[in-house]
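> Whatever this is, show me its structure:
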Amino acid sequence: MKAAKTTKPAAPAKPGKPESRLAMVRRARRINRELADVFPYAHPELDFRNPFELLVATVLSAQTTDLRVNQTTPALFAKYPTPEDLAAAVPEEVEELIRPTGFFRAKTKSIMGLAAALRDDFGGEVPGRLEDLVKLPGVGRKTAFVVLGNAFGVPGITVDTHFMRLVRRWRWTESDDPVKIEAEVATIFPKSEWTMLSHRVIFHGRRICHARKPACGACPITHLCPSYGEGETDPEKAKKLLKYEMGGFPGQRLDPPPGYPGRPAPPLGASDG
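Here you go, the predicted model:
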């Protein structure tokens, strides 16, 4: 794994002189470039082999971890490999298979509903257009952009809880509305960067810039962060807060892509230490 850069504290803002729009854009783009150096292997953290699996896995990932979804979907896709199979399933059997992801009754209704819609309206294929995806049960803009960006190569910004938290900490936006955040961040970066930017920001949020205890003292972009100091600044203490491969632990994918520097996650029921 590539060694993290030596960090230095953020320069204090000059009192009474707010950052200009141009300065913010330059700082934001530099953050993106430096995160690309830190996480050259950033990728979607859901296991999938085709657009249908990614779509279902993304719906299941609501209010749970990608790890738990990845531990659950192998049995689900082994039994129901196509939209036609899932649409014709017995709901109680689907519920039992996806129970570990939580909210399994509502999620069963969503994934069986979207499977039926794919079968009936799209010839059993996942559509590659935003306007079609968001019509499917349980599919909003966030889920649609995950599928478009990672299964179809269509650029999109994925505004999940990590992305929202970090772009607000970095003062790219003051909004807490996902649609407004998406629109505002889209004006800062070229369209070609949107998908990988999403991966890098989410990777950073999951591994270093956590919600409750950000590891400021182990962060490689403190010199660009106006919120430096919200978390633990002592380097040794901060290092203990790092997660996944940054902290020497397994990642979220059971089947990570080539080039991932950490250990694969364990199957459901196995030790993940």
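> Quickly note the distance from the most centrally placed residue in the chain to residue 78.
Residue closest to the average C-alpha location in the chain (Cα atoms, centre = their mean): residue 202, at 4.8 Å. Going from residue 202 to residue 78 by Cβ to Cβ, to the nearest Å gives 28 Å. The C-beta positions use only the backbone N, C-alpha and C, and glycine is treated the same way.
> repeat for residue 223
From residue 223 to residue 78 the distance is 48 Å (Cβ to Cβ).
> Neighbour count for these two, which is higher?
A count of neighbours by other Cβ atoms under 10 Å puts residue 223 above the other of residue 223 and residue 78, at 16 against 9.
> any idea of the mean pLDDT in the helix or strand encompassing residue 183?
In the assignment (DSSP states H and E), residue 183 maps to helix 178-186. The average of the pLDDT scores along helix 178-186 is 97.
> How about residues contacting it?
141, 142, 157, 159, 163, 164, 167, 172, 173, 175, 194, 197 (Cβ atoms under 8 Å, 6 or more residues apart in numbering).
> Most neighbours among these, which one is it?
Across those, neighbour numbers were computed from other Cβ under 10 Å; residue 197 holds the maximum, 27 neighbours.
> Relative to residue 149, how far out is it?
Note on residue 197: its distance to residue 149, by Cβ to Cβ, is 10 Å.
> before we move on, what about residue 268?
As judged by Cβ to Cβ, residue 268 and residue 149 stand 27 Å apart.
> Repeat that for residue 107.
Distance from residue 107 to residue 149, by Cβ to Cβ: 22 Å.
> Quick one, grab the pLDDT at residue 23.
Residue 23 is assigned 98 on the pLDDT scale.
> quick one: the helix or strand containing it to chain centroid distance?
Element membership for residue 23 (DSSP H and E) is helix 21-38. Centroid separation between helix 21-38 and its chain, computed with Cα atoms, centre = their mean, to the nearest Å, is 19 Å.
> Report the angle between that helix and helix 178-186.
If you take axes from the mean of the first three to the mean of the last three Cα atoms, to 10 degrees, helix 21-38 sits at 90 degrees to helix 178-186.
> list the helices and strands the next helix-or-strand element following helix 21-38 packs on?
Once the chain leaves helix 21-38, the next helix or strand it forms, by DSSP H and E, is helix 51-60. Contact here means 3 or more Cβ pairs under 8 Å, 6 or more residues apart in numbering; DSSP states H and E; on that basis helix 51-60 packs against helix 66-79, helix 104-121, helix 141-151.
> and the angle from the second one to helix 141-151?
Compare the direction of helix 104-121 with that of helix 141-151 by the same axes, to 10 degrees and you get 60 degrees.
> what mean pLDDT would you report for helix 104-121?
For helix 104-121, mean pLDDT rounds to 98.
> Which strands and helices lie in contact with that helix?
When contacts are defined as 3+ Cβ pairs under 8 Å, 6+ apart, helix 104-121 packs onto helix 51-60, helix 83-87, helix 91-98.
> Nothing else from me, thank you.
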